[in-house]
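Asks: Below are the sequence and a predicted model for it; my questions follow.
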Amino acid sequence: MPSGDAPSSREKFNPAGFEVIVDLRRSSEAYTALPGIEPEKLASGAGAQLIETFLTTLPEICQDWEIQKGIIDSATDAIVTINEDHIIIGYNHGAEKILGFSREEALGQDLSIIIPPPYKQEHKGYVRRYLATREPHVIGKHVRLSAQRKNGQTFPMSISFSLAEIGGKRYFTGIIRDITESTDMEAKLRQSERLAAVGSTVSHIVHEIKNPLMVIGGFARQLARAPNLDDKARDKMVMITEEVKRLECLMAEMKDFSHPPTIQPKAEQIAEVIQEVIYLMEDNLKEQGIAISQEHPESLPLIKFDRQQIKQVLLNLLKNAAEAMPQGGQLTVATRVVEPYLEIDVTDTGEGIAPEALDHIFNPYYTTKAKGSQRCQF
């Protein structure tokens, strides 16, 4: 060893030229180290010096081991190591959380327990090819693959592979990250981009159709008022007029969906808007045998909202409630403060929404009615 240089770990263990083999075994929290030295040599001064050096250095080795183990176990990503036989020999806490297998369940098992069935043989084939050719196609790279949890669920993952050669044997380590959330976000972003493109096309189509519809509707109304028109022809003109109105309403809905209107919130009393909507609907509700009541706190705070948008929402809700009670019933509109929001409840005694329709109620143009949407029925 050159003068002035600090002794290496190997030189610390081999001050007298002895070959030392260290075997650390863990039993609970206790470690034992077994130096592989012939007993007769241990009696010599050099042997005693070796043991003293070894025992002095052992706590440092154990501490380093605990630090490294702690770093690996504290990682949120799954870290899984296999040997050349495709057997799992390393498995951290992150792997337990992501993959569902406990450390005890995973260690000693074939890696195929976390590989979806279509890829099991393919992965084993890759390991065999690497061991035969030493050509690292994915070592040191990030790739996207699928993994399988203990419950059989398949999920997308990002994995990076590394290779270590120790004692003439090769060990493969994969660092696995569950990318389900980011993959879903990417899919939603792509869907949003497609919808934006569709919205632009819809806007153009609406613009091109709107003007001809206005002309057709206008002429039909004029012809319907013509004095020399027979009743059969007049009925046809009225039918054309009503169908044009329905199409114009549908065009307005499509325009709203493709280009949502700008929200213009103002601080107002929501109870005033509710009263206005009930006033508009009151006669129709009474004719249908529907009693309507309101439940509001004594004082409601001013809140910011777009009056026209909220008014349309309430009209739609009250119409839906009325259609759910064709034989009459009770309709209640209630408000309450749920900090930091104000909640509006519209309840009725109707038949309710069919379970198969619940997943679709917020889809544009979805309806359970025989014809038309809420705004476009005449």
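Replies: Received the coordinates, thanks.
Asks: all strands of the stretch 151-300 of the chain, in order?
Replies: 154-166, 169-178, 266-268, 290-295 (DSSP state E, counting those that start in this stretch).
Asks: How about the stretch 1-150 of the chain?
Replies: 24-27, 30-33, 78-82, 88-91, 142-148.
Asks: Buried residues, the fourth one. List them.
Replies: Yep, that's strand 88-91 we're talking about. Residues of strand 88-91 classed as buried: I88, G90, Y91 (neighbour count, 16 or more other C-beta atoms under 10 Å). For every residue, glycine as well, the C-beta is placed using N, CA and C.
Asks: Where is the longest helix in this protein?
Replies: helix 180-224 (DSSP state H).
Asks: where does the residue nearest to the spatial centre of the chain sit relative to F362, distance-wise?
Replies: Nearest residue to the geometric centre of the chain (C-alpha atoms, centre = their mean): E181, 4.0 Å. According to C-beta to C-beta, to the nearest Å, E181 stands 22 Å off from F362.
Asks: go on, H204?
Replies: 26 Å.
Asks: Comparing these two, which residue is more hemmed in?
Replies: Per other C-beta atoms under 10 Å, whichever of H204 and F362 has more neighbours is H204, with 11 against 7.
Asks: and that one, what pLDDT?
Replies: For H204, the model assigns a pLDDT of 79.
Asks: okay, D23: pLDDT?
Replies: 46.
Asks: got it, and the one 10 residues further on?
Replies: Listed pLDDT for A33 reads 45.
Asks: again, but for Q275
Replies: Per the predicted model, pLDDT is 92 at Q275.
Asks: Please name the bridge partners of the spatially closest residue to it that is not a sequence neighbour.
Replies: The shortest distance from Q275 to any non-neighbouring residue, by C-beta to C-beta, 6 or more residues apart in numbering, is to Q294 (7.8 Å). On the basis of DSSP bridges, Q294 is bridged to V333.
Asks: For Y279, see how far away Q294 is.
Replies: Counting by C-beta to C-beta, the gap from Q294 to Y279 is 12 Å.
Asks: N363 too?
Replies: To Y279, N363 is 31 Å away according to C-beta to C-beta.
Asks: Kindly report the same for G90.
Replies: 72 Å.
Asks: do P265 as well
Replies: Counting by C-beta to C-beta, the gap from P265 to Y279 is 23 Å.
Asks: Comparing these two, which residue is more hemmed in?
Replies: A side-by-side neighbour count of P265 and Y279, using other C-beta under 10 Å, places P265 first with 12 against 9.
Asks: what's the more buried one in contact with, if anything?
Replies: Applying C-beta atoms under 8 Å, 6 or more residues apart in numbering, we find P265 in contact with K304, F305, D306.
Asks: The second one bridge partners, please.
Replies: According to DSSP bridges, K266 are recorded as the beta-bridge partners of F305.
Asks: Do I have it right that it meets I274?
Replies: No: the criterion here is C-beta atoms under 8 Å, and F305 misses it with I274 at 11.6 Å.
Asks: ok, D348 - how many residues close by?
Replies: Count around D348 with other C-beta under 10 Å applied: 20.
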